[in-house]
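A.B. asks: Task: produce atomic coordinates for the following.
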Amino acid sequence: MNVNLELTDHCNIRCKMCSQSLRDEAHGAPHRFMDFETWSRALEGLAGLGPVVLCPHWLGEPTLHPEFDRFVRHAFSLNSQNRLFRHFKVHTNAVLLPEDRALTLLDLAAQASVAPDTFLAIHCSIDAFGRETYADVKGADRRDVVFRNVERLLDLRARRGQRRPVVHVAFVVQDGNIDDVAPFVEHWRSRLPGCVLTADWPPMDTDAVYLRRWNTGDQAHADALHARACQAVGLSPVSRPEGAF
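C.D. replies: Here you go, the predicted model:
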């Protein structure tokens, strides 16, 4: 069972392809931050549901929550022997991933009171290689910060000799970034030796570079772009089931 407990629907960038960027109220209500009591009660509500994969994200950027570190530490402190959730993953744009936060996440992944594969993955939505492309697609000039943050996370993980959490770097293929596909893949494969290059959702047991299909009104055009991107890096695009979103 996948459970998304969204810490916030605020976001700090305005990605062209994200519904979060199309309106000021992501859920038809003013943006807000989850309070600590709600988080604690929601976590306790996971008890007895069976194997749960917990993700503190949906439309917003979870690390933007002013108490993100406290919230995730609390989740793991309650989860001794995996009594509440079997797995955990974080989706982030990696703008707010400084060294101290990276170390916090690595510490949680190495926590002895839970199964060693509890903290599955950190999924980083990057979507560009060049600075101009990043600013255009993401609506903010944060490319260098993001690359530095993710590369530092990888270096810290390697220095500590940890395998978990695995890291996925994601690229939503679209009109504005199609020419960045090859350099993006080349760069991140060099930083993630042994990673999987995939055109579908990445596996949770290994690092991955992920070329994601754009969901848009002209899906035939998006599918053609995705196929072109895959071809450019020697990857076979995964067929899209009829009616899939």
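
A.B. asks: okay, CA-based contacts and neighbour counts for the rest of this
C.D. replies: OK.

A.B. asks: Show me where this structure has its strands.
C.D. replies: Assigned by DSSP state E, the strands in the chain fall at 2-4, 53-55, 87-92, 119-125, 166-172, 196-198, 208-212.

A.B. asks: quick one, what contacts the residue in the chain sticking out farthest from the centre?
C.D. replies: For the chain, the residue at maximal distance from the C-alpha centroid (CA atoms, centre = their mean) is Gly48, at 26.8 Å. By CA atoms under 8 Å, 6 or more residues apart in numbering, Gly48 lies in contact with 83-84.

A.B. asks: returning to what we had before: in a markdown table, list the strands of the chain along with mean pLDDT and mean neighbour count.
C.D. replies: Formatted as a markdown table, these follow (pLDDT from 0 to 100; neighbours: other CA atoms under 10 Å):
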| stretch | mean pLDDT | mean neighbour count |
| --- | --- | --- |
| strand 2-4 | 96 | 13 |
| strand 53-55 | 98 | 20 |
| strand 87-92 | 98 | 21 |
| strand 119-125 | 97 | 23 |
| strand 166-172 | 98 | 24 |
| strand 196-198 | 96 | 19 |
| strand 208-212 | 96 | 25 |
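
A.B. asks: show me where pLDDT drops low in the protein?
C.D. replies: The chain contains residues with pLDDT under 70 at 21-27, 239-245.

A.B. asks: packing partners for the top helix by length along it?
C.D. replies: Identified as the longest helix of the chain according to DSSP state H is helix 143-159. On a contact count with 3 or more CA pairs under 8 Å, 6 or more residues apart in numbering; DSSP states H and E, helix 143-159 meets helix 99-109, helix 131-138.

A.B. asks: Pipe these into a markdown table and attach mean neighbour count and distance to Ala208 per row.
C.D. replies: Formatted as a markdown table, the helices and strands packed on helix 143-159 follow (neighbours: other CA atoms under 10 Å; distance: least, CA to CA, whole Å):
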| stretch | mean neighbour count | distance to Ala208 |
| --- | --- | --- |
| helix 99-109 | 17 | 18 |
| helix 131-138 | 18 | 20 |
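
A.B. asks: can you tell me which of the ones you listed comes nearest to Leu59?
C.D. replies: Leu59 lies closest to helix 131-138 among those, at 14.6 Å (CA to CA).

A.B. asks: Distance to Arg228 added to the strands of the chain, as a markdown table?
C.D. replies: Formatted as a markdown table, the strands of the chain follow (distance: least, CA to CA, whole Å):
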| stretch | distance to Arg228 |
| --- | --- |
| strand 2-4 | 32 |
| strand 53-55 | 32 |
| strand 87-92 | 26 |
| strand 119-125 | 20 |
| strand 166-172 | 13 |
| strand 196-198 | 14 |
| strand 208-212 | 11 |
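
A.B. asks: right, and these - which one's nearest Leu103?
C.D. replies: strand 119-125 (12.9 Å).

A.B. asks: Run through who's touching that closest one.
C.D. replies: Residues contacting strand 119-125 (CA under 8 Å, 6+ apart): 87-94, 108-109, 150, 164-171, 204-205.

A.B. asks: Provide the strand pairings for that strand, with the direction of each partner.
C.D. replies: Strand pairing for strand 119-125, determined by DSSP bridges: strand 87-92 (parallel), strand 166-172 (parallel).

A.B. asks: before we move on, back to that, in JSON lines, list the helices and strands packed on helix 143-159 along with distance to Glu186.
C.D. replies: Formatted as JSON lines, the helices and strands packed on helix 143-159 follow (distance: least, CA to CA, whole Å):
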{"stretch": "helix 99-109", "distance to Glu186": "24"}
{"stretch": "helix 131-138", "distance to Glu186": "16"}
